[in-house]
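Engineer: heads up, no residue letters with this:
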DNA sequence: AATGAATGAGCGTTCATTCAT
DNA sequence: TATGAATGAACGCTCATTCAT
């Protein structure tokens, strides 16, 4: 067996493998996290490979063992944060039974995720404004559904939400979350839980299926 | 009179002046417009001086007759678009008497401005995510009021809107406009006028002063 | 006659011509003098055409009516200052009868010329260090004699000076003048007339023909 | 010991270290030496990064691994030559016992250093005329003493030299050395050792303490 | 796997010079 | 004669990426 040459036993080999794995994860994570912090402080353009290598404590060349190029770091960061957002939004919410409560729980939890991780908020904001976004959007267009739009689609199909395109709901819901988190982080006063609930209410009123209403919409 | 020396009449002088002015304006405008389109296609960082000079049909050095550096082009573009936004939002709206109608007219007109000028929308979005924003924000902080926050302040002072920080109203209102315009431009189906009105209604409901309500906010 | 068309009389034509001449001289002088001051403040490299045109109060293009290129301004400045140096050194000195007194008068007068015209001193110093020097030296090598080396040659031929190459005497004499002027201008304390005479004495002792001397030169 | 991991023995480690060191020194030296020769031929301004990289046989970017910018190359060159000058002047001279002999030996040795290294002479001459000089002069002003002025101060304190400002002695002594070396290099005929001694004698006579003299200084 | 010296295309910017007016 | 907008080659410098060790 190949591990015989270097290792006393299968267990020491395994231990080594695990150690290496963890080191690899450590190094990759270090690169990812350093990039995230650098983008928060210097933006996409100001985050150079040499800055990343310095902050991550690895040589510049080492970065290219883990990522084919600089864009790949950003893409991985983006995908990681997207997953975290998914967990943040639905981790607790899916335990609720009522659709409306699921929405409120999810909206608030995702909003708090950004409030507690400002560098992730800044990254996502910058990413959506950058050429990376359009590049990645094309790739994403091949993925027909994901958990976000499944949730909204479910709401529409079951009469909870107005029938409209997924993107629009997403814009309003996520736009609201991001605007709220931004204001909390950069504004003079932070929000209370109560404030967050009120804002979520506004959004919900906007996207929920309208009952036969005696409220007259203004049309000009 | 000074124009006598070189020109046959005041009118030929004026014609000359206008011609010169228009040529200057042509070249400067060409640089500005080329930059705008390039930013739409390649982002801030991807818009190089050599690309601008190529697209504008001028030598690279010529750009530096009209702008001290690359940042100055972007800043001028920003200020121009800000002014256009102001005109787009309030040009017609201020003719209305009722505050609520002013809001709807303004919201819709600004939304349409972005729908009809996608490159301006993309520029503003990128600008707000970039280091340029923070640079300019400091300068703007010295200007105590502008027409945008005057309008919202008026609404709060006169009981039309909930009392809150200017930045938050701006986030919700402009965030809504931008999200809507983006969806119209990049989404599969465009919006009708009716759709825009419905979205404006949602925003208005969010920011208007709440009447004593029997609607119970959900708090979790 | 051609002047009839524009001028009332020959005299008014002449007056115009003289005025134009003087304007031309004014403009050329303005360019020359501005260049001199700019070189004093910013060095050769830092003195740009646009700075000269600004300081001289003429358009950049106008400079090219008077000089074929930037180097020509510098060359003319050099030749002008060389002439002024000649006048400064020999203007009064040649009125003296005794060769030794001629030397002292000339040395002191040239030294004072630099002390009173620091920008000229700085120019000459920079010129001698620049590639212009080598360029011009080749042109000058065609001029076999000038007033400077004539004076030293005369001193050698008539037994006042040690017989040596002209360039060496020049180095020692002009090197002394420039070092002294520099010290006066940039040093903490200025020189008195008496100080200048003492330094001239040192130089004279160095270059004058040695009498039969009991002073033993050191040779190692 | 850390070298054990990669190298068979301390000697192979040392050999490796020396090899690496020497390679680094080779590349840095190549840049330095190429710059020196290019400045001799084209002046400061004419010595471009692309010329240096071409002559040194390295990529333009490589230069910036060894020097923060172009000025840093010139500053290092200046400091190196200053040190060489110090060694050239005092290396042998300090072995002499008599102050006067020390002066003659030092003067001649430094003069010969420049005669044998014309590119260093030209560099120093250009440096002293350039903005770099003033930049560095301010830094040097913080260093209260160096070996050059210590030597002259000693001479003044012990009655060998006239009491005067350090700068003046330096001007006369170094001005003489540089003028002599220049004449030797650019003049038609080179100097013999005897010639150098004679010139040194002239300088010495100028700066040495005057005995009670029946020689009358001329004052006009 | 890890390094970091080396690369060189490409960046933003400058500036002597030209030329239509 | 005088202008100054326009030019574009060339500058110093950056930085993502490569590769020998």
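Structural biologist: Yep, that arrived. For clarity, every value in this text was computed on a predicted model and none was experimentally measured. Numbering: from 1, shown residues only, chains lettered A, B, ... in the order given.
Engineer: Residue in chain A with the shortest distance to chain D?
Structural biologist: Evaluated by C-beta to the nearest C-beta, chain A has residue A:50 as its residue closest to chain D, separated by 11.4 Å. Placement of C-beta: from N, CA and C, glycine included.
Engineer: Please name the nearest non-neighbouring residue to that residue.
Structural biologist: By the measure of C-beta to C-beta, 6 or more residues apart in numbering or on different chains, the closest residue to residue A:50 outside its immediate chain neighbours is residue A:60, 6.0 Å from it.
Engineer: Surely that neighbour and residue A:51 touch.
Structural biologist: No. Between residue A:60 and residue A:51 no contact is recorded; they are 10.0 Å apart, counting by C-beta atoms under 8 Å.
Engineer: Neighbours of the residue nearest to residue A:50, how many?
Structural biologist: For residue A:60, the tally of surrounding residues (other C-beta atoms under 10 Å in any protein chain shown) stands at 14.
Engineer: Then residue A:113?
Structural biologist: Applying the criterion other C-beta under 10 Å, we find 20 residues in the vicinity of residue A:113.
Engineer: how far away is it from residue A:183?
Structural biologist: In this structure, residue A:113 and residue A:183 are 16 Å apart, going by C-beta to C-beta, to the nearest Å.
Engineer: Quick one: neighbours of residue A:150, just the number.
Structural biologist: Burial of residue A:150, expressed as a neighbour count using other C-beta under 10 Å, amounts to 12.
Engineer: Now it: which helix or strand?
Structural biologist: Secondary structure here is read from DSSP states H and E; on that basis residue A:150 sits in helix A:147-157.
Engineer: just residue A:103 next, same as before
Structural biologist: Of the helices and strands defined by DSSP H and E, residue A:103 is found in helix A:99-116.
Engineer: Next, the angle from that helix to helix A:147-157.
Structural biologist: For helix A:99-116 and helix A:147-157, the angle between their directions (axes from the mean of the first three to the mean of the last three C-alpha atoms, to 10 degrees) works out to 150 degrees.
Engineer: Can you give the distance from helix A:99-116 to the centre of its chain?
Structural biologist: For helix A:99-116, the distance from its own C-alpha centre to the chain's C-alpha centre is 13 Å (C-alpha atoms, centre = their mean, to the nearest Å).
Engineer: Tell me the buried residues in it?
Structural biologist: A:99, A:102-115 (16 or more other C-beta atoms under 10 Å in any protein chain shown).
Engineer: which of those lies closest to DNA strand F?
Structural biologist: In terms of C-beta to the nearest atom of the strand, no member of those lies closer to DNA strand F than residue A:114, at 26.4 Å.
Engineer: State the number of residues packed around residue A:184.
Structural biologist: The criterion is other C-beta under 10 Å. On that basis, residue A:184 has 20 neighbouring residues.
Engineer: Now do the contacts for it.
Structural biologist: Under the criterion of C-beta atoms under 8 Å, 6 or more residues apart in numbering or on different chains, the neighbours of residue A:184 are A:115, A:190, A:191.
Engineer: could you measure whichever residue of chain A sits closest to DNA strand E against chain B, distance?
Structural biologist: Proximity of chain A to DNA strand E (C-beta to the nearest atom of the strand) peaks at residue A:61, 1.6 Å away. To chain B, residue A:61 is 24 Å away according to C-beta to the nearest C-beta, to the nearest Å.
Engineer: what's near enough to touch residue A:203?
Structural biologist: With contact taken as C-beta under 8 Å, 6+ apart, residue A:203 is in contact with A:107, A:172, A:173, A:176, B:206.
Engineer: Name the helix or strand for it, please.
Structural biologist: With elements delineated by DSSP H and E, residue A:203 resides in helix A:193-207, which encompasses its position.
Engineer: what about that helix, distance to the chain center?
Structural biologist: Its chain's average C-alpha position is 21 Å from that of helix A:193-207, according to C-alpha atoms, centre = their mean.
Engineer: Could you do stretch A:180-188 as well?
Structural biologist: In terms of C-alpha atoms, centre = their mean, the centre of stretch A:180-188 is found 18 Å from the chain centre.
Engineer: Give me the average confidence score over it.
Structural biologist: Average pLDDT, stretch A:180-188: 84.
Engineer: so what's residue A:76 closest to, chain neighbours aside?
Structural biologist: Spatially, and ignoring its direct neighbours in sequence, residue A:76 is nearest to residue A:32 (6.6 Å; C-beta to C-beta, 6+ apart).
Engineer: How many residues are close by that neighbour?
Structural biologist: If you count neighbours by other C-beta under 10 Å, residue A:32 ends up with 19.
Engineer: From the chain's centroid, how far away is stretch A:121-133?
Structural biologist: Here the centre of stretch A:121-133 is set off from its chain's centre by 11 Å, with C-alpha atoms, centre = their mean.
Engineer: And for it, what's in contact with it?
Structural biologist: Taking C-beta under 8 Å, 6+ apart as the criterion, the residues outside stretch A:121-133 that touch it are A:36, A:39-40, A:43-44, A:71, A:74-75, A:77-78, A:81, A:85, A:114, A:178, A:181-182, A:185, B:42-43, B:46, B:125-126, B:128-130.
Engineer: now it: mean pLDDT?
Structural biologist: Mean predicted confidence for stretch A:121-133 is 85.
Engineer: Residue A:188 in helix, strand or coil?
Structural biologist: Remark: residue A:188 carries the secondary structure label coil [criterion: DSSP: H, G, I helix; E, B strand; the rest coil].
Engineer: give me every residue that touches it.
Structural biologist: Residue A:188 makes contact with residue B:165 under the criterion C-beta under 8 Å, 6+ apart.
Engineer: Please verify my assumption that residue A:202 contacts residue B:210.
Structural biologist: No. Taking C-beta under 8 Å as the contact criterion, residue A:202 and residue B:210 are not neighbours in contact, 10.0 Å apart.
Engineer: more neighbours, those two?
Structural biologist: Under the criterion of other C-beta under 10 Å, the comparison of residue A:202 against residue B:210 puts residue A:202 first, with 16 against 11.
Engineer: So that one versus residue B:207, what's the distance?
Structural biologist: In this view, residue A:202 and residue B:207 are 8 Å apart by C-beta to C-beta.
Engineer: do the same with residue A:185
Structural biologist: On the measure of C-beta to C-beta, residue A:185 and residue B:207 end up 21 Å apart.
Engineer: If you count surrounding residues, which of these two has more?
Structural biologist: Between residue A:185 and residue B:207, counted using other C-beta under 10 Å, the more crowded position is residue B:207 (20 against 15).
Engineer: how about the residue nearest to residue A:159 when sequence neighbours are not counted, what does it touch?
Structural biologist: The shortest distance from residue A:159 to any residue that is not its chain neighbour, by C-beta to C-beta, 6+ apart, is 5.8 Å, and that residue is residue A:209. Listed by C-beta under 8 Å, 6+ apart, the contact partners of residue A:209 are A:159, A:160, A:161, A:162.
Engineer: Repeat that for residue A:189.
Structural biologist: Residue A:189 makes contacts with residue B:165, as judged by C-beta under 8 Å, 6+ apart.
Engineer: Which phi and psi values does it adopt?
Structural biologist: Here the main-chain torsion angles of residue A:189 (degrees, to the nearest 10) amount to phi -120, psi 140.
Engineer: Show me how chain A divides into domains.
Structural biologist: Here chain A is described, according to automatic domain parsing, as comprising the domains A:1-67, A:69-210.
Engineer: If anything else comes up later, I'll come back, but that's it for now.
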